[in-house]
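Chemist: below is the structure, and that's it, no one-letter string:
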């Protein structure tokens, strides 16, 4: 990100712009607002861009992303809660780290999200709940531990008066997060998922250093739960692909052993916010919050945040710790089990007493604590401004820094400046699946074959994916006033009855897998009844199916 903390907020709404300036300034940023894309500098030299979309438009996101300097990320504000639009915004470009809903905007959420992206130090519920809220913690390493943890969290929610319908949502999200941490995330010494050796509940408890940690707490309005594993295998693309499948595919339920598709979809429909904090190869943390006072459950926030590290792999946001755990990074951070977390976690960890965990109260979270302090000071101001952001008010109660900027009359909704379509893409293949072209809503999650999808001039990244057979393929295509046609012939490898193919990403659950072109591939098969595994070298040819073993 560099040393600068400049943030640009783009919104045609004058009152919302002032609200955003307050929230971003509370995060320690030098914030300014512009009313339209035409006012943006080229290139966009900022640490963070916040885009308010009056109407969802992936082209606008892609146009802004084209002009961002290296490392700059984006937050997108959508006009209202809509899971499909939220997923589309996150997918529109890999620079989009988080999506919020403008119709129920909370200044503290904008501040917290901006702080994560600008300063790092993202792990732990103390970054989500305000100072003083008690945070409880448990170590979980087996199915029995998981059951006990969910029961304990539900009892706590009952004791503080959380209604039954929200307790059920909390229990469901806890179960999904813990199942992933216990059965999908762990890997062996070779970096392969343990589900390959013995899937499901029959696997022995995790080793002490591999146990997951679950934290929970409540500030009276929001109930929050976080589950952290020490493997760091979660990927942003997996979240988008699974949610996209559940939203648009006729077969929503992922039948794979260890598959997390339906679980992510259920969580996105059960929580107020769903966030993933990652340090690849080191730690993954999933955080769900629940507005226990809302009339209905509605996802207001979705985001994937990467911890900031320097060139030597050291954490920028704080000391070499992830939550309450010290981290030992290897020289090659891309190695899968690249961290060792201190064994266990202290029971009943209080955020107000970090010394009990051996954590300095002023360590890496100082910047966040200062930001919260500023936010509390500004709280009264924000409370008066927020109602006016969506329809009324005369003069604002106060103006944030940067009030000297020009205030032109409100323009029409933010225009998209991407060039008009002047070509098209056609993709046909011998396998079923879905296709997406980055940044183009007309070519978003379309089933194969894709016929004549209009694209503007330029270079486009195309993704093809499917589940039966397993297909994961991408390529670039150049459009220059032309109609491009791609005919793809995949070779198939299919397991005979009684066997399954082994995949490092999906567990021993694949019946068929597709490869593009002729070649030789190393595969593993596992007997469904015996569990025995063996490696095979399989030659494949375009358009043909090979049965194994």
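Modeler: Perfect, thanks for sending it. Small disclaimer: the values here were computed from a predicted structure and weren't measured.

Chemist: dump the residue contacts of residue 90.
Modeler: The contact partners of residue 90, taken as C-beta atoms under 8 Å, 6 or more residues apart in numbering, are 76, 96, 98-99, 236, 239-240, 302-304. In short, each C-beta sits where N, CA and C put it, glycine included.

Chemist: which ones among those are found in strands?
Modeler: If you go by DSSP state E, these have 76, 96, 98-99, 302-304 in strands.

Chemist: which residue packs closest to residue 221, ignoring adjacent ones?
Modeler: residue 293 (5.8 Å; C-beta to C-beta, 6 or more residues apart in numbering).

Chemist: where does the one you found fall, secondary structure wise?
Modeler: Take DSSP states H and E as the rule and residue 293 turns out to sit in neither a helix nor a strand.

Chemist: still on that earlier bit, out of the contacts of residue 90, give me the two with the largest separation.
Modeler: Using C-beta to C-beta, the contacts of residue 90 span at most 15.4 Å, a distance reached by 76 and 239.

Chemist: for these two, indicate the residue with more neighbours.
Modeler: A side-by-side neighbour count of residue 76 and residue 239, using other C-beta atoms under 10 Å, places residue 76 first with 28 against 23.

Chemist: is it correct that residue 101 is in contact with residue 78?
Modeler: Yes - with contact defined as C-beta atoms under 8 Å, residue 101 reaches residue 78; the gap is 5.5 Å.

Chemist: hang on, the earlier thing: for the residue nearest to residue 221, give its distance to residue 162.
Modeler: Separation of residue 293 from residue 162 (C-beta to C-beta, to the nearest Å): 10 Å.

Chemist: comparing the two, which residue is more hemmed in?
Modeler: Neighbours were counted for residue 293 and for residue 162 using other C-beta under 10 Å; residue 162 has more, 19 against 11.

Chemist: the more buried one belongs to a helix?
Modeler: No - Residue 162 is assigned coil when assessed by DSSP: H, G, I helix; E, B strand; the rest coil, not a helix.

Chemist: dump the residue contacts of the residue nearest to it when sequence neighbours are not counted.
Modeler: Computed as C-beta to C-beta, 6+ apart, the closest residue to residue 162 that is not its neighbour in sequence is residue 292, at 5.2 Å. By C-beta under 8 Å, 6+ apart, residue 292 lies in contact with 162-163, 166, 218, 221-223.

Chemist: which one (most neighbours) among the residues you listed?
Modeler: residue 223 (26 neighbours).

Chemist: I'd say that one and residue 287 touch.
Modeler: No - with contacts counted by C-beta under 8 Å, residue 223 stays clear of residue 287, the gap being 11.7 Å.

Chemist: centre of the chain to stretch 20-29, how far?
Modeler: Put simply, stretch 20-29 sits 23 Å off its chain's centre (C-alpha atoms, centre = their mean, to the nearest Å).

Chemist: let's test this: mean pLDDT of that stretch, rounded?
Modeler: Here stretch 20-29 scores 91 as its mean pLDDT.

Chemist: now stretch 131-138: buried residues?
Modeler: Within stretch 131-138, the residues scored as buried using 16 or more other C-beta atoms under 10 Å are 133, 135-138.

Chemist: same thing with stretch 428-441?
Modeler: For stretch 428-441, burial by neighbour count (16+ other C-beta under 10 Å) applies to 429, 431, 433-440.

Chemist: any idea which of these is least confident?
Modeler: Lowest model confidence among the buried residues of stretch 428-441 falls on residue 439, which carries 67.

Chemist: who are the packing partners of the helix or strand hosting residue 165?
Modeler: Assessed by DSSP H and E, residue 165 sits inside helix 164-179. Counting contacts by 3 or more C-beta pairs under 8 Å, 6 or more residues apart in numbering; DSSP states H and E, helix 164-179 packs against helix 143-159, strand 212-218, strand 222-229, helix 261-268, strand 283-291.

Chemist: tell me the angle of the second one relative to helix 143-159?
Modeler: Here strand 212-218 runs at 0 degrees with respect to helix 143-159, directions being taken by axes from the mean of the first three to the mean of the last three C-alpha atoms, to 10 degrees.

Chemist: what are the pairing partners of strand 212-218, and which direction each?
Modeler: According to DSSP bridges, strand 212-218 forms sheet pairs with strand 135-140 (antiparallel), strand 222-229 (antiparallel).

Chemist: redo those strands as JSON lines? Include distance to residue 264.
Modeler: Shown next, in JSON lines, are the strands paired with strand 212-218 (distance: least, C-beta to C-beta, whole Å):
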{"stretch": "strand 135-140", "distance to residue 264": "19"}
{"stretch": "strand 222-229", "distance to residue 264": "13"}
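
Chemist: could you break this structure into its assigned domains?
Modeler: Domain ranges of the chain: 1-120+365-417, 122-358, 423-488, 492-548, per automatic domain parsing.

Chemist: touching, residue 514 and residue 494? I think so.
Modeler: No - between residue 514 and residue 494 there is no contact under C-beta under 8 Å: 10.0 Å.

Chemist: anything in contact with each of those two?
Modeler: Residues touching both residue 514 and residue 494 (C-beta under 8 Å, 6+ apart) are residue 469.

Chemist: among these two, which residue is more densely surrounded?
Modeler: Between residue 514 and residue 494, residue 514 has the larger neighbour count (other C-beta under 10 Å), namely 26 against 16.

Chemist: for residue 245, see how far away the closest residue to the more buried one other than its chain neighbours is.
Modeler: Using C-beta to C-beta, 6+ apart and skipping the chain neighbours, the partner closest in space to residue 514 is residue 490 (3.9 Å). According to C-beta to C-beta, residue 490 stands 19 Å off from residue 245.

Chemist: if we can go back for a sec, looking at the buried residues of stretch 131-138, spot the one nearest residue 49.
Modeler: So of the buried residues of stretch 131-138, ranked by how close each gets to residue 49 (C-beta to C-beta), first place is residue 133, at 30.7 Å.

Chemist: next one, pLDDT for that closest one please.
Modeler: Residue 133 is given a pLDDT of 89.

Chemist: my guess is it meets residue 221, correct?
Modeler: No - the criterion here is C-beta under 8 Å, and residue 133 misses it with residue 221 at 10.3 Å.
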